[in-house]
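A.B. asks: Sharing a sequence plus its predicted fold:
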Amino acid sequence: MFRLFVREKPKFWRYFRYAFLALALLAASFTLYLDFRVRSEFEGRRFALPARIYARPLELHAGLRIALNDVVHELREAGYREGVREGEPGWFARSADGLEVALRPFVFWDGVQAAKRIRIAFDGKTVAAVRDAEGKDLPLARLEPLPIGGIYPANNEDRVLVRLAEVPKHLVNALIATEDRNFYTHHGFDPRGIARAVWSFVRLRGLQGGSTLTQQLVKNFFLTPERTLSRKVTELFMAVLLEIHYDKDEILETYLNEIYLGQDRDRAIHGVALASLHYFGKTVDHLTLAESALLVAMVKGPAVFDPHRHPQRALERRNLVLRETRDRGYATMGEFAQARAANLGVSAKASMGTSPHPAFLELVHRQLRREYDEADLRSEGLRVFTTLDPRAQDAAERVLARKLAQFDKGKLFGAPGLEGAVVVTDTQTGEVEALVGGRDARYRGFNRALDAARPVGSLLKPAIYLTALSQPARYTLVTPIDDGPFVWKSRGAPDWEPANYDGKFHGAVPLRTALAQSYNVATARLGTELGVEKVLATVKRLGVERELRPYASTLLGAAEMSPLEVAQMYQTVASGGFRTPLRAIREVTTQDGKPLRRYPIAVEQAFPQEPMYLLAVAMQGTVREGTAQSLSNWLPPETAVAGKTGTTDEQRDAWFAGFTGDRLGIVWIGYDDNRAARLSGAGAAMPVWGELMAGLDPEPLALQKPDGIENVLIDPQSGLRADSGCPGALELPFAQGSAPAERAPCASAVGVAVEQVKQQTKGWFQRWFGK
Amino acid sequence: MRTLLAFLVLAVAGCAAVVPDRGAPPEPAPEPPAARTENIAIAGLLDGARADAAAGRLANAAAQLERALRIEPRNPRLWQELARVRLKQGDYAQVEGTAARSNSWARDDPALRAENWRLIAEAREARGDAQGALVAREAAARQR
């Protein structure tokens, strides 16, 4: 059989046949391969969607302290535009007593909030009332939260998906009229289109794309942007295959979601839905013909026809698109004329890039990574609702940058300049409201708030005093502490001989003064008396997870911590002994709003309230009469801030930690390379803190006196009990029964009787309350 | 006993009569907001949370209460309501922390404190800590 076959055919034909067969086989398998690719990739086509990160929503209610302008600012940031536009959401207008807002619909963690009109009345810097369109009082109105960035897929592609049915007909028509007028009739490629392109090229009318929408989609979807003949052929093949398997609407919908429509810094804008939000601040279903035409105009070259950078060019191209739309019969003369007369209408929204607050985003990203795969974060379109307060964040960024520039000017160190970090939290809920990782807040680099572990200096002192005040039988606010020369000897370590900031010794000082003046020697003596281990146990209970070395020098802040760790430690102080893990995330949902996870408030009472109260009162003393006295340049005494300054050896690090009634703030300033900054906590970090907090209208710190605390008049001279007969007597808090029993010489005899009664009643109290 | 009490009242009155010097630490202490709220936002959220909790939507109930707490973080009723939701959720450690937080703001409301201690007792019982539950019940009985 074989021989016969060989004999019958001449050699040439035999080879030709083999070659042909091989080629056919190759072509067939190539087609099959392409078919497989087209189907598998298109079938399971799932655009990688970034995790979308939101700030906290602003909750408006009667009594909220916020100025009208701050609400307007937030609305603008969210893309709302001023001026009434009946029939569509996303605008606000000023009225006689406040604002009228047409809220856009938004899917919150706990459900959809429909579009609605609200009226907000203001009374000075306070919201007087929130009402609906009919004038009925609303208990609460939630504004949509600001997007503050995302965790993006490769190439930082950002997009919002949309269904074809939600895309206005005139947008689709303009696209087809301009890019592929035979879209609904061709089979993936358009010979007439190609001929037209060639004809136009020949007549020197310039290069026209002969690609159909299907071909464009294939090119963007499956292929790299090279322009070679083989690529063109593959593109054609795949376009035809795509048309065989899918109907026109599916192809069109995918095209509308895929198309690249511009760049926002490092973020690539894909799809008409995101482009609509990005350029016009509205959802795609509300686009006018003119706006639609502008998006279509950008298809050809988003950079070339960028309406922000090249408005004239963009306008001309838009009008060309409008003409094409009219000529194809998709728009009437009237519609065309109206659209042509409209201006570009793009909103002047500040560019955001992948995030305007990369430092905070990094904190969010790290917390998310504990529960989610990196790949899922970059593709599943999760929606993450965070705790960021845009007002606090903006203020923190602005103040830090300005102050650092100012400090740099007074220094002769040259570049690189001073750096800094800020953390702001809510004292009661532990939510992180702001986080700044360096003076250039837009730069996503070294995040000092999270990663710069620096010696904390005196910021550790409150832990020592708290340890002492937890033993009321031994230590009260007036217990004298010796601030005389002190040497600490321990085996295997060099002698430790702490010195005071002013280089002097102050003799016996009351405990509260030792803290307020941040005396090192007295504190070192107190700390070693208590025991380093015991102090470190307090630090741990305050919420610091890092293991600190059990050396005496740790007491004076040789320990290194990041600003965020310091914030966690002070959070427990600010919330009266209740430890609350700092949180940056409230909720996570799927892209369509299904709740996935909540990050609830967690509280644990880590300390009894009494010593915490005493500590907070002592820290108020730091601000009132101690190292942080000049805070009064920014905040009035009524704010009653509790704070602590921190300065490390050779002034390499300047710290300030403090809290008001509503916010805790930590500020660090220093050089990255650890040079001596010659700046003190009070001189550099505190001004940043003061200016920042003053701008946020702080709630005064009204400490609530726990049951086990009594106020006793004390004669500051002797540290003994005083009465109204003693000039300059101070009323100071003591854990019940711990106040000095002895009376100062100035105290009159009447008081003695009262005193004796109290001494007698103590035993009774103890039996009753078991204290 | 009665005489002692009389003395005690006298002593407290004596203390209160003393006028502190102007250099005294700030005790302008407008004591934290009262337990009962005038705020319709809080009332709305509280109602919503109770409805959610009754319908078994515990996570939503907790979320509404947290929204309310962001507005009035010193409202002991909100903390207590949250403790109640945590109890239903079986998060017993958080019942303790949250009820204690409520107690810390409910100085002048013994009934509320007693209820907090009862919640703590229930949480301890659920955890099998009979002894601890007993201590909490005794504490509840002591509030007045």
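C.D. replies: Sure, I can see it.

A.B. asks: Skipping its backbone neighbours, what lies nearest A:Tyr599 in space?
C.D. replies: Excluding the flanking residues, the one nearest A:Tyr599 by C-beta to C-beta, 6 or more residues apart in numbering or on different chains is A:Ile585, at 4.9 Å. Every residue, glycine included, has its C-beta placed from N, CA and C.

A.B. asks: Please name the bridge partners of that neighbour.
C.D. replies: Taking DSSP bridges as the rule, A:Ile585 bridges to A:Thr386.

A.B. asks: ok, it to A:Ala293 distance?
C.D. replies: A:Ile585 sits 41 Å away from A:Ala293, going by C-beta to C-beta, to the nearest Å.

A.B. asks: more crowded one of those two?
C.D. replies: A:Ala293 (32 against 21; other C-beta atoms under 10 Å in any protein chain shown).

A.B. asks: Need the phi and psi values for A:Gln263.
C.D. replies: The phi and psi values for A:Gln263, taken as degrees, to the nearest 10, are phi -130, psi 130.

A.B. asks: ok, it touching A:Met298?
C.D. replies: No - if you go by C-beta atoms under 8 Å, A:Gln263 and A:Met298 don't touch, sitting 11.0 Å apart.

A.B. asks: Counting neighbours, go ahead and name the busier of these two.
C.D. replies: For the pair A:Gln263 and A:Met298, the greater number of neighbours falls to A:Met298 (25 against 15), based on other C-beta under 10 Å.

A.B. asks: what about chain B, any weak spots by pLDDT?
C.D. replies: Filtered on pLDDT under 70, chain B yields the residue ranges B:1-38.

A.B. asks: I figured the residue nearest to A:Tyr599 was touching A:Leu368, is that so?
C.D. replies: Yes - counting by C-beta under 8 Å, A:Leu368 is a contact partner of A:Ile585 at 7.0 Å.

A.B. asks: which residues do these two both contact?
C.D. replies: Applying C-beta atoms under 8 Å, 6 or more residues apart in numbering or on different chains, one finds that A:Ile585 and A:Leu368 are jointly contacted by A:Val384.

A.B. asks: State the helix or strand in which the closest residue to A:Leu320 other than its chain neighbours lies.
C.D. replies: Leaving aside its sequence neighbours, A:Leu320 sits nearest to A:Ala297 (C-beta to C-beta, 6+ apart; 7.3 Å). Secondary-structure assignment from DSSP states H and E places A:Ala297 in helix A:289-299.

A.B. asks: The residue nearest in space to the middle of chain B: which element?
C.D. replies: Nearest to the mean C-alpha position of chain B, by C-alpha atoms, centre = their mean, lies B:Ser102 at 2.7 Å. B:Ser102 is part of helix B:92-104 when elements are defined by DSSP H and E.

A.B. asks: Show me what that helix is packed against.
C.D. replies: strand A:578-579, strand A:604-605, helix B:76-89, helix B:110-126 (3 or more C-beta pairs under 8 Å, 6 or more residues apart in numbering or on different chains; DSSP states H and E).

A.B. asks: Repeat the analysis, applying 6 Å as the threshold.
C.D. replies: Contacts defined by 3 or more C-beta pairs under 6 Å, 6 or more residues apart in numbering or on different chains; DSSP states H and E place helix B:92-104 against helix B:76-89, helix B:110-126.

A.B. asks: Contacts for the longest one, please.
C.D. replies: With C-beta atoms under 6 Å, 6 or more residues apart in numbering or on different chains as the contact definition, helix B:110-126 has outside contacts at B:76, B:80, B:83, B:87, B:92, B:95-96, B:99, B:102-103, B:106, B:132-133, B:136-137, B:139-140, B:143-144.

A.B. asks: Can you tell me the centre-most residue of chain A?
C.D. replies: The residue lying closest to the centre of chain A (C-alpha atoms, centre = their mean) is A:Phe360, at 4.0 Å.

A.B. asks: Quickly note the distance from the residue nearest to that residue when sequence neighbours are not counted to A:Thr647.
C.D. replies: Excluding the flanking residues, the one nearest A:Phe360 by C-beta to C-beta, 6+ apart is A:Leu435, at 4.5 Å. According to C-beta to C-beta, A:Leu435 stands 23 Å off from A:Thr647.

A.B. asks: residue contacts, the residue nearest to A:Leu320?
C.D. replies: For A:Ala297, the contacting residues are A:305, A:317-318, A:321, by C-beta under 6 Å, 6+ apart.

A.B. asks: Could you check the pLDDT of it?
C.D. replies: In this prediction, A:Ala297 carries a pLDDT score of 95.

A.B. asks: For chain A, give me the ranges with low pLDDT.
C.D. replies: Applying pLDDT under 70 to chain A picks out residues A:1-10, A:44-45, A:197, A:200-201, A:203-210, A:225-227, A:349-351, A:411-414, A:748-771.
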